[in-house]
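Asker: Fold the following.
(2 chains)
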Amino acid sequence: MQRPDWAPDTIDIERPSVARMYDYYLGGSHNFAADRAAARAMVAAVPDAPLMAQANRAFLRRAVQFLAEQGIRQFLDIGSGIPTVGNVHEIAQRIAPESRVVYVDVDPVAVAHSREILSGNDRAVVLQEDLRHPERILAHPEVNRMLDFSQPVAVMIVAVLHFVPDEDRPDEILRTLRAALAPGSYLVLSQASDDDRHDTGEREEAEAVYQRTDNPLVIRSRRQLTALFDGFGLVDPGVVWVPQWRPETPESAEDAEKAVFMGGVGRLGG
Amino acid sequence: MASGGSVGEHPDDPSGPSAPGGPCPGAPACCPSVFARAWAKAVSGTSYLPMTQAQLEALLHRLTGRLAAALVSEPFDVRVGHQVGAELVAAHIASAEGLGRTIEVIQLRLLRDLGLVTEDVEDRMARLLATVATGYARALRDRTLDEQESIRRAAMVARAEAERALRDSEARFRHQATHDPLTDLPNRTLFTERLAAAIDSPGRGADRVGVCFLDLDRFKVVNDSLGHQVGDMLLVSVADRLRRALGEHLVARLGGDEFVILVERTAGTDDVVKVAETALAAVSEPALVDGHELTVSASIGIVERPVAGTTPVDLMRAADATLHWAKADGGARWSLFDVERSRRELARYALSAAIPAALDRGEFHLDYQPLTSLRDGRVLGVEALVRWRHPELGKLYPGSFIELAEETGLIVPLGSWVLAEACREAASWSSFGAAAPFVSVNLAVRQVHRPGLVREVRDVLERTGLPPERLQLEVTESTMMSAVEEPVRALRVLADMGVRIAIDDFGTGYCNLAYLRDLPVTELKVAGEFVAGLRAPADDPASRTDERILASLVSLAHALDLTVTAEGVETEGQADRLRAIGCDAAQGWHFGKPAPAARLLERLSAG
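Answerer: Predicted structure coming up:
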C-alpha cells in the first residue's frame, strides 16, 4: 500500500529539533540528547549562540510589551517553538488580560508541549501548521475562533524566517498574511543576519549544524529583511540588531551585532 | 547585555539611582539596592531572564533583605538560604553560571554593601552560602527533571497523535482503496478479497457460496439521453436501494452499471434466487433523479455452488456468462448458471475460435450437390457445401459451425474461401463444354452487406477463369430485408456481369416481393418444407395445400421469367408431382447426395 501524501509524519526524537535547540540556548531542559548534541555543536562553532537566543527572546519580550502598550490585543505567533520562559501570552496578558494569542508551530512535540502549558487558558491556543502555508493558518478554525481579523492583529515571526529558504517565497508568505490584516496591525520579524559581522567561518559552521535538523539555516541581510516589511511602515528604529531595538538600558545595546539576529516591527497603515 | 562584568567592583557612583521599587531611593552605599544592582549585573546573561532589568533588581533586592536578615538572626535558619536558592531558580536565574556569580557576589559584597558586622560573621556567611547553593541546586535539579518529564510527555503525546493520525489516514486510505468513490459501495478489490476469503477459508456451515452479478438494462440509454450526471445519480440511487434491501449481504460496484452481491453460507440455489429477486425488486422501484422519474430494470446472473473446487475467478466468469444469458433473454430477469449450457457455449466458442487456424491449415473442403433438370434429368448446376475435417471432432457439417461463424464475423473469411474454392474447382470442369454445370455458392448476410463484394467476385472470376454465367450466388430473403441500398446495387452489378442470382429458401422468410422488382433474380429455390408435403398421398389435404402453394410459386416465378428449383426432393413421387406442376429443377437425395468434386465429375462423364 503506497502512502498517500496526506499521511502524517511520525515523531523522531533522535533528530534534533530547532525548537528544542532554542530551548537549550535559553537554559531550558525541554530537550533531548540529540537536541543538546546539535546545540553544543552549534555553541562550539558559534560561542555566542546562547546569547543570540537570549537577545532574540528579549527582543520578543520588548516587542510584545510595545505592542500591548499600543493597544494590540490579538497576537498570532508563528514558529512559537517551546513556549517556556517569557512567552507571548504571559507578557501580553500581564499587561492586558483580555489579550488573545494563537501560537503556531510545525513541530508536533512543541505543539503538544504548548498545549499542556496552555491548558486552562482560554485566551491562548496552539495549532500545528507550517509558516510556509499561511493560507492554511489563516483559514484554520482555531485562528478564526480566537482572532478577529477586522481588528488589528500582531503577527510575530520571530527567529523562524531563517528556516524558510528563498524558494519557499518568504515574500509571498508575508504578502498573504498582510492581505488578511486590518489597518493598524503589526508585523514583528527577526532572523539570523550577517550584516557587518566579521566573517569568522562561524556562518558556514552554523549552517552545517542546522543541516542536521529538518530546518537548514538561511541567513539574510538587513536589506533583504527590510524588504520583507513591504507594505508595513517600520516603527523606530527600523531593522536593527535585536539588542538595539528599543533597549531598556543603553548598555544592553552594546556589542549589539554579536546577537546575530536582526529584527524590526512594522505597522500596517490606514 | 551579555557582560557579567566583575562582581567585585564598587559602583562608580554609589549614590546613583537605585532600582525602581527599591526600598530606599537615593540612599547611600550601605543599602541593599546597591548590592541588588551589582547582583543583577552579575547574573544577567547567564540565562534568559523573562523580565526587565528593573524587575530583576526588584526581585534581587527583596532576596538581599532576606539574606541580610538570615546573617544576623538567632538561631541561624538554614531554610532562608534554601528558599533564596529556590526563588532564584524559579525566576529563571537558573544556570550554573548564575549560581557561581551569585555565590561570588554575596561572598565579596554582601557584608560590605550592607555594612553588616556580627561576631561569627565568617562562619555564618559560609553556612549561608552553603544553604543558598544547596537550595539552588535542589531547585535546579527538580526543575530540570520536571522539564525533562514534561518534554518527554509532550513527545509521547505527539507520537500518540501522529500514530492515531497515521492510523486514521491509513483507515481512510484503506477505505478509499476498497470503496467506489461514486456510491461508496465496496469496490472490486474488497469484493474479491471477501469472495476469496469465503472460498479459501470457509467457516462452519459455510461450505457453499453464491454470487449475483447484476447489470442495469439499457443504462447507456439513460447516459446518452439524460447525460452522465443523471446517469451517475441513478447509479447512486440504485446503490442505495441495493444496500438498503440487501443489508446483510456484501453489495459491491465493479464499475459502470455492474454490481455484484456476495451471498455467503448458502444452503442451496434458492437462497441466492431469493436475494436476486429482492435485488431486482429494489432496482425496479421508480426513482426520482434530478427531477426525472426513472424506472430501470436489471439482469442478474446467479451462480451458487460448493466452495470446494471453485475459485473466485471461475465463479465470477460463470456469473458473467450467466448474466449474458439473462440479457439475451430480454433482461429484467435473473438467470441461473447451468453447467451443461456453459459447456456447450464454451465448446462453441472454442470451435469458432479455431476457424481462422483451420482455414490456414486447409481443414475445410467442399462437397457438391447436383441441381437436376426435371425436364431432361441433366445436371444444370451444383451447390457448393462446405465441410470441416476437424482434427479432433472429425467431419463437421455447416449446421455445427456456420451459425457460429456468422455470430463472430468469421463467416466473411470462410465465405470468401468457399467462393474462391468453388470457382477454382468449377473452372476446371470446362472440358464438359456447354454441358458444364454452374456452381451455386451461398452468400451470408454479412458478405452481401460488406463493401467490396463486387470486386471480390470479379477478382475470383478473373483469377479462376470461370465464366460469370457459371457462377450462381444464393442469398436469403432476409438479406434483402435491409433498408440499405448497397447490397441490392452490388447484386445488380453482379447480375449485369452475368452472374446468376438465386433466392434461397424462398417462401419461408419474411416475404417481401418488392425486391423482385429491383433485383435481376435468375432463380428461386423453394424450401424443402413445402416439398416434404409432397411425400404424403396426393389426396391428403395438407399435401394438397403444399402442392397448391408450390404451383403458385412456380407460376409466379415463371410469370417473372424466373426458374424454380425445389430443394429436399427425396423420392421419385415428389419428383413426379413437381414435374407435373412445372417446376424446372430439383435438388435432393433422390438426385444425388453432396459429394466431392471428383465423384461428381465421374457421374457427369458417365452421364
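
Asker: what pLDDT does B:H10 get?
Answerer: For B:H10, the pLDDT comes out at 43.

Asker: swap in B:P23?
Answerer: For B:P23, pLDDT reads 44.

Asker: May I ask which helix or strand encompasses the residue of chain A found nearest chain B?
Answerer: Of all residues in chain A, A:G86 sits closest to chain B, at 2.8 Å by Cβ to the nearest Cβ. From N, CA and C alone the C-beta is placed, and that goes for glycine too. Per DSSP states H and E, A:G86 falls between elements, in no helix or strand.

Asker: And it, its phi and psi?
Answerer: phi 60, psi 50 (degrees, to the nearest 10).

Asker: now the stretch 51-200 of chain A, which segments are flagged as low pLDDT?
Answerer: Applying pLDDT under 70 to the stretch 51-200 of chain A flags residues A:195-200.

Asker: who in it is up against chain B?
Answerer: Contact residues (Cβ under 8 Å from any Cβ of the partner chain) of the stretch 51-200 of chain A with chain B: A:51, A:53-55, A:57-58, A:61, A:82, A:84-86, A:90-91, A:108-113, A:115-116.

Asker: Please repeat the previous calculation with a cut-off of 6 Å.
Answerer: A:L51, A:Q54, A:R57, A:V85, A:G86, A:P108, A:V109, A:A112, A:H113 (Cβ under 6 Å from any Cβ of the partner chain).

Asker: By neighbours, which of these wins?
Answerer: When neighbours are taken as other Cβ atoms under 10 Å in any protein chain shown, the top entry among those is A:H113 (30 neighbours).

Asker: In contact with it, which residues?
Answerer: A:I82, B:A154 (Cβ atoms under 6 Å, 6 or more residues apart in numbering or on different chains).

Asker: Could you give the backbone dihedrals for it?
Answerer: Torsion angles, degrees, to the nearest 10, at A:H113: phi -70, psi -40.

Asker: Pretty sure the residue of chain A closest to chain B sits against A:R61.
Answerer: Yes - using Cβ atoms under 6 Å, A:G86 is in contact with A:R61, at 5.3 Å.

Asker: could you pull out the strands for the stretch 351-500 of chain B?
Answerer: B:364-373, B:379-390, B:394-396, B:438-442, B:471-476, B:500-506 (DSSP state E, counting those that start in this stretch).

Asker: Sheet-wise, list the partners of the third one with their directions.
Answerer: Okay, so that is strand B:394-396. Paired strands of strand B:394-396, with direction, are strand B:379-390 (antiparallel) (DSSP bridges).

Asker: Return the set of buried residues in the partner strand.
Answerer: Buried residues in strand B:379-390, defined by neighbour count with 16 or more other Cβ atoms under 10 Å in any protein chain shown: B:V379, B:L380, B:G381, B:V382, B:E383, B:A384, B:L385, B:V386, B:R387, B:W388, B:H390.

Asker: cool, and stretch B:542-562?
Answerer: Those would be B:S543, B:D546, B:E547, B:L550, B:A551, B:L553, B:V554, B:L556, B:A557, B:L562, for stretch B:542-562 by 16+ other Cβ under 10 Å.

Asker: And stretch A:33-46, by the same measure?
Answerer: Buried residues in stretch A:33-46 (16+ other Cβ under 10 Å): A:A34, A:D35, A:A38, A:A39, A:A41, A:M42, A:V43, A:A45, A:V46.

Asker: try stretch B:155-174
Answerer: Quick answer for stretch B:155-174 (16+ other Cβ under 10 Å): B:A155, B:V157, B:A158, B:R159, B:E161, B:A162, B:A165, B:L166, B:F173.

Asker: Grab the nearest non-local neighbour of the second one.
Answerer: Computed as Cβ to Cβ, 6 or more residues apart in numbering or on different chains, the closest residue to B:V157 that is not its neighbour in sequence is A:A112, at 4.1 Å.

Asker: B:W39 now?
Answerer: B:L60 (4.6 Å).

Asker: Report all helices and strands that the helix or strand containing that neighbour contacts.
Answerer: Using DSSP H and E, B:L60 sits in helix B:53-72. If you count contacts as 3 or more Cβ pairs under 6 Å, 6 or more residues apart in numbering or on different chains; DSSP states H and E, helix B:53-72 packs onto helix B:32-43, helix B:78-90.

Asker: and those, which is most packed in?
Answerer: A comparison of the helices and strands packed on helix B:53-72 by mean neighbour count, using mean count of other Cβ atoms under 10 Å in any protein chain shown, puts helix B:32-43 on top with a mean of 26.

Asker: That helix to helix B:53-72, inter-axis angle?
Answerer: 110 degrees (axes from the mean of the first three to the mean of the last three Cα atoms, to 10 degrees).

Asker: Check the offset of helix B:32-43 from the chain's centre.
Answerer: When distances are taken as Cα atoms, centre = their mean, to the nearest Å, helix B:32-43 is centred 81 Å away from the chain's centroid.

Asker: Likewise for stretch B:354-367?
Answerer: Worked out by Cα atoms, centre = their mean, stretch B:354-367 lies 37 Å from the chain centre.

Asker: Can you give me the end-to-end span of stretch A:87-105?
Answerer: 14 Å (Cα to Cα, to the nearest Å).

Asker: So which bits of it are buried?
Answerer: A:87-93, A:99-105.

Asker: Number of residues surrounding whichever residue of chain B sits closest to chain A?
Answerer: Residue of chain B nearest chain A, by Cβ to the nearest Cβ: B:P50 (2.8 Å). The tally of other residues near B:P50 (other Cβ under 10 Å) stands at 19.

Asker: which residue packs closest to it, ignoring adjacent ones?
Answerer: A:G86 (2.8 Å).

Asker: What residues does the one you found make contact with?
Answerer: A:R57, A:R61, B:P50.

Asker: Against B:A91, how distant is it?
Answerer: 11 Å (Cβ to Cβ, to the nearest Å).

Asker: try B:A527
Answerer: 117 Å.

Asker: Which helix or which strand is home to B:E149?
Answerer: Going by DSSP H and E, B:E149 is in helix B:121-178.

Asker: Figure out how far that helix is from the centre of its chain.
Answerer: 53 Å.

Asker: Let me see the mean pLDDT of that helix.
Answerer: For helix B:121-178, the per-residue pLDDT averages 91.

Asker: C-terminal to it, what's the next element?
Answerer: helix B:188-200.

Asker: and that following helix with chain A, contact?
Answerer: No - Helix B:188-200 is not in contact with chain A by Cβ under 6 Å from any Cβ; minimum separation 11.2 Å.

Asker: hmm, back to that, more neighbours: which of B:A527 and B:A91?
Answerer: B:A91 (19 against 16).

Asker: okay, now the nearest residue to the more buried one once chain neighbours are set aside: neighbour count?
Answerer: Spatial nearest neighbour of B:A91, chain neighbours left out: B:L59 (5.6 Å); criterion: Cβ to Cβ, 6+ apart. Look at B:L59: counted by other Cβ under 10 Å, it has 22 neighbours.

Asker: picking up where we left off before, tell me if I'm right that the residue nearest to B:V157 and B:M156 touch.
Answerer: No - at 8.2 Å, A:A112 does not count as touching B:M156 under the criterion of Cβ under 6 Å.

Asker: And what about A:L76, helix, strand or coil?
Answerer: strand (DSSP: H, G, I helix; E, B strand; the rest coil).

Asker: Can you verify my assumption that it contacts A:P152?
Answerer: No - at 11.2 Å, A:L76 does not count as touching A:P152 under the criterion of Cβ under 6 Å.

Asker: And those two? Which one has more around it.
Answerer: Under the criterion of other Cβ under 10 Å, the comparison of A:L76 against A:P152 puts A:L76 first, with 26 against 20.

Asker: thinking again about what came up before, in CSV: the buried residues of stretch A:33-46, plus pLDDT and secondary structure.
Answerer: Shown next, in CSV, are those (pLDDT from 0 to 100; DSSP: H, G, I helix; E, B strand; the rest coil):
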residue, pLDDT, secondary structure
A:A34, 92, helix
A:D35, 93, helix
A:A38, 91, helix
A:A39, 92, helix
A:A41, 91, helix
A:M42, 88, helix
A:V43, 88, helix
A:A45, 84, helix
A:V46, 82, coil
